[in-house]
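Enquirer: My questions are about this predicted structure, shown below with the sequence.
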Number of protein chains: 2
Amino acid sequence: MDFFFNPRGVAIIGASRDVGRPGHVILRNFLENMISGSFKGEVYPVNPNARRILGVQCYKSVLELEGLVDLAVISVPAAIVPKVLEECGEAKVKGAIIISSGFSEVGNTRLEQEVVEIARRNNIRVIGPNCVGIYDAYSGVDTIFLEVSKILEGAPILATPRPKPGRIAFITQSGAFGAAILDYMAGSGLGISKFISHGNRCDVDEVDLVEYLARDDKTDVILLYLESIGRGREFYEVARETTKIKPIIALKVGRTTAGARAAASHTGALAGSHQVFTAALKQAGVIVAETMEEMMDLAKAFVNQIPARGERIAIVTDGGGMGVIASDTVEILGGKVEKPREETLKKLRKLKEDGVIPDFASIENPIDLTGVATTEMFIKTLEIVGQADEFDGIIIFPLHHIPTLEAGYEDKMMEVIRGIKKPVVVCDVGEAEMAKLVRMKFDKYGVPAYPSPERAANVMMKLVNYGKYLLKVGAYQDYVNRKILGKGN
Amino acid sequence: MDFFFNPRGVAIIGASRDVGRPGHVILRNFLENMISGSFKGEVYPVNPNARRILGVQCYKSVLELEGLVDLAVISVPAAIVPKVLEECGEAKVKGAIIISSGFSEVGNTRLEQEVVEIARRNNIRVIGPNCVGIYDAYSGVDTIFLEVSKILEGAPILATPRPKPGRIAFITQSGAFGAAILDYMAGSGLGISKFISHGNRCDVDEVDLVEYLARDDKTDVILLYLESIGRGREFYEVARETTKIKPIIALKVGRTTAGARAAASHTGALAGSHQVFTAALKQAGVIVAETMEEMMDLAKAFVNQIPARGERIAIVTDGGGMGVIASDTVEILGGKVEKPREETLKKLRKLKEDGVIPDFASIENPIDLTGVATTEMFIKTLEIVGQADEFDGIIIFPLHHIPTLEAGYEDKMMEVIRGIKKPVVVCDVGEAEMAKLVRMKFDKYGVPAYPSPERAANVMMKLVNYGKYLLKVGAYQDYVNRKILGKGN
């Protein structure tokens, strides 16, 4: 399916001069990406009624482009999609993204079936219809017809920004949900490898896409928004193989009667039993997210951190309350927050004796350095906890509010965090300048930072669960080796 | 207890010339607030070894200030707190905030007991010790010794900003948690009435504070961070009376073995059985938040929206996927997302016939206006749904990504939302410019906006639960009348 993501030639069928139309926005995306150098192929607008659009010569039909086009992006009225697709067949097009709606989602299943038959007969793979299509942050393929900016009081305002290149892939059945996630990722500084909105998925489905992304060396984590699964058995098989080498994080919606009814009227798909389905997903090693935000929290962690080897978590904090909340969350989710071993306690007591950390600090885990904590205290404590075998993961709360923690401590703490061979997540709470800066800096270093103790602890426990799964299927060590090699972490 | 929040004279005992010390920061807070006009009382630094601090004359002892001081803020070593407090007694001080630590939280219960005895004997009420104290956004009392800004690369960066005046009060046993919430509220644009961190709460406790805030006409919502409760029975009684007129939202931590152990070493308090405790809280009408973020999500909604009269929720969206997720969340939390009545369906069908909304829109709830939705479509639909008796609350998803929704739609939608006599919450997803602006604008209008469908739906269901509680105790109509009168909503 590489022709979808790295086509040599792309035909925009239904290219439009009308600025708001999908056929215009998509053409402009490709032209902009050609100019900026990210898209390396050729672009051919197809519109029988236009000579030039955005300065580029138009073609009356894809038939004029025989042999030049790998990928056709089709944005014409539903009724003429079959004719256009026949022509694509003649022109030896390999893949088609059908943006147009008006198919099974509005009950028009016969028309959709016709499209499938034409595609099969002509050996064309189809993404869609009724979809937003593809955004590939590396190759510059961008069929998203939602404009990056809107105009507010005469000035542009970022509306649907595209995330920077990264290592998270995202597959979605809902275009609107997809756009929202692009916005979330771009705004949060998360990078993407490939985005695929496949709408009614008349041909290319989750099975094909996960199989493809499993082999994609730009993708480390696969996210899935699912309202239903078409080929359950095949999906289970491909997921089970994939999760041994990269995490799949799924958000399955349509869980309740009302949700399933809403899903049915949305993508025309039947949801099936949620319980049965998620049980199968989990058995295949898929990480099932409960909410949109959880899916994104996990993605950020899994792309950089290794899974944990066990469930024993150390918490290092400068605020007691956050330590309490994190302890609660870890234990509620099946982890353990236990006292350090005597050997570790001895080293921590030595820190007290030497006056490195205060005498009134708690060292029994949570390790509470209290409101007099300095960067140095965190570093010395983390040196000990990072090496302590009795802990499988560390949650750090370097809450910036205390007077003794000087701005810029993230960089210094990284010197020790970098050497820790277990997963580390960070939490700093607040929505004003410094909190956001602290989190952003840790994020950039690959140590995921969260704005609440519950979210940080939850992510850690999902790293624990995934580690357990990998150990069970005998894939843990290979996974970790690959991760460490890949990142030079 | 008004002398804590509106003192005529304040003595800063332990005022310091040392810029980083609590006794310096607190004095500066008061002086700044005097200059800016928010603090209307007098400030007296007390330090036997200094003549002037920050240009203000120092006193050797509070004894020199007899009759002038309502409130003493004490920031001296623990060992001399008893002596200082005796002097406060002689000087007729009414309230003392003891910032100093080194009491029961480190096992020094005898010293704390001594403090309590001196206070009782001298008729002084005490907040603390081991606390951050008070921030009153209206009166300018600010004993928070955490500086608003830190210095990063030579320039100030907001570190512990104080929220603007508002109608949410916050009581916390953890100072660090308190600071984090101030940061969260200030950064999110949430206003505060009174902030009280009472640490070891040797005297003034939750019971006193909730009782006081129940009568405070600046406070509409009371938030509580609890590691333990001292006077269980009394708290139950005061909470039960208070929740009839204002919501109390509590985050109870120390829920697990590890969490309780952490809490014990933090504020020296025993957590007791979490199950028993939260059951009692709920019976008293207290809204129990599961997470820090949920507490803040709820606060934002309860300060402006009325509770729902029932559990039947309408969802109006321009993205099908978000409608599915919201339906799931509402039903999982015990609500209902049902088809509109025939009468309402008729009106919605008329909108289709008249070409106001598209023929392919879903009108069976979720009402999905799809990716071609315009501001006008939302308005016309909300006019009908807002009046439909079969719905008790509305969740709106005016997701900004779709091309047809013009920037600035919040203002136009408000014209109809303002007239709806049931709770309304909004969701727009994304972390880039426009998503943030859309949410901020709805927030400013008092319609709480959330960044994920699950959070929006969860808030709506808590408005449903609180409405049910008020109906059960016969307090619903009075509450709603007061709310509508108070806001001119």
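Expert: That came through, no problem.

Enquirer: care to break chain A down by domain?
Expert: Domains of chain A are assigned by automatic domain parsing as A:1-129, A:146-303, A:313-487.

Enquirer: which SS state does A:G321 fall under?
Expert: Using DSSP: H, G, I helix; E, B strand; the rest coil, the structure places A:G321 in helix.

Enquirer: Contact partners for the residue nearest to it when sequence neighbours are not counted?
Expert: Take A:G321 and drop its neighbours on the chain: the residue closest to it by Cβ to Cβ, 6 or more residues apart in numbering or on different chains is B:S174, 2.9 Å away. To be clear about C-beta, it is placed using only N, CA and C from the backbone, and glycine gets the same treatment. Taking Cβ atoms under 8 Å, 6 or more residues apart in numbering or on different chains, we find B:S174 in contact with A:319-322, A:324, B:197, B:225, B:227, B:266-267.

Enquirer: What ranges does the stretch 251-400 of chain A have for its helices?
Expert: Remark: helices assigned in the stretch 251-400 of chain A by DSSP state H, counting those that start in this stretch are A:257-267, A:274-283, A:292-302, A:320-332, A:342-353, A:375-387.

Enquirer: Out of these, which is the most enclosed?
Expert: helix A:320-332 (a mean of 29; mean count of other Cβ atoms under 10 Å in any protein chain shown).

Enquirer: Show me what it is packed up against.
Expert: Using 3 or more Cβ pairs under 8 Å, 6 or more residues apart in numbering or on different chains; DSSP states H and E, the elements in contact with helix A:320-332 are strand A:313-317, strand A:367-368, strand A:393-397, helix A:453-472, helix B:175-188, helix B:257-267.

Enquirer: go with 7 Å
Expert: strand A:313-317, strand A:393-397, helix A:453-472, helix B:175-188, helix B:257-267 (3 or more Cβ pairs under 7 Å, 6 or more residues apart in numbering or on different chains; DSSP states H and E).

Enquirer: Would you format these as JSON lines with mean pLDDT and distance to A:P45 included?
Expert: Output for those, formatted as JSON lines (pLDDT from 0 to 100; distance: least, Cβ to Cβ, whole Å):
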{"stretch": "strand A:313-317", "mean pLDDT": "98", "distance to A:P45": "56"}
{"stretch": "strand A:393-397", "mean pLDDT": "98", "distance to A:P45": "52"}
{"stretch": "helix A:453-472", "mean pLDDT": "98", "distance to A:P45": "45"}
{"stretch": "helix B:175-188", "mean pLDDT": "97", "distance to A:P45": "45"}
{"stretch": "helix B:257-267", "mean pLDDT": "80", "distance to A:P45": "61"}
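
Enquirer: still on that earlier bit, and of the helices of the stretch 251-400 of chain A, who's closest to A:K472?
Expert: Closest to A:K472 of the helices of the stretch 251-400 of chain A, according to Cβ to Cβ: helix A:274-283, at 10.8 Å.

Enquirer: can you pull the contacts of A:V116?
Expert: By Cβ atoms under 7 Å, 6 or more residues apart in numbering or on different chains, the contact set of A:V116 is A:202-203.

Enquirer: Check A:K194 too.
Expert: Residues near A:K194 by Cβ under 7 Å, 6+ apart: A:5, A:136, A:169, A:213, A:216, A:219.

Enquirer: Return the distance of the residue positioned nearest the centre of chain A relative to B:I357.
Expert: What sits nearest the mean C-alpha location of chain A, by Cα atoms, centre = their mean, is A:I168, with 4.3 Å. Going from A:I168 to B:I357 by Cβ to Cβ, to the nearest Å gives 36 Å.

Enquirer: cool, and A:D203?
Expert: From A:D203 over to B:I357 (counting by Cβ to Cβ), the distance is 31 Å.

Enquirer: Which elements pack onto the helix or strand of chain A with the lowest mean pLDDT?
Expert: Using mean pLDDT, DSSP states H and E, helix A:257-267 stands out as the lowest-scoring helix or strand of chain A, at a mean of 80. The contact analysis (3+ Cβ pairs under 7 Å, 6+ apart) places helix A:257-267 against helix B:320-332.

Enquirer: Distance from the chain centre to the helix it packs on, please.
Expert: Mean C-alpha position of helix B:320-332 versus that of the full chain (Cα atoms, centre = their mean, to the nearest Å) differs by 27 Å.

Enquirer: Could you pull up the mean pLDDT of it?
Expert: Averaging pLDDT along helix B:320-332 gives 96.

Enquirer: about what we covered before: more neighbours, A:D203 and B:I357?
Expert: B:I357 (25 against 20; other Cβ atoms under 10 Å in any protein chain shown).

Enquirer: For the more buried one, which residues are in contact?
Expert: Here B:I357 is in contact with B:351, B:369, B:377, B:380-381 (criterion: Cβ under 7 Å, 6+ apart).

Enquirer: For chain A, state which of the residues you listed is nearest.
Expert: Comparing these against chain A with Cβ to the nearest Cβ picks out B:L369 as the nearest, at 11.0 Å.

Enquirer: Ramachandran angles for that closest one?
Expert: phi -80, psi -10 (degrees, to the nearest 10).

Enquirer: my read: A:I248 touches A:I222, true?
Expert: Yes - the pair A:I248 / A:I222 is scored as a contact, 4.7 Å apart, by Cβ atoms under 7 Å.
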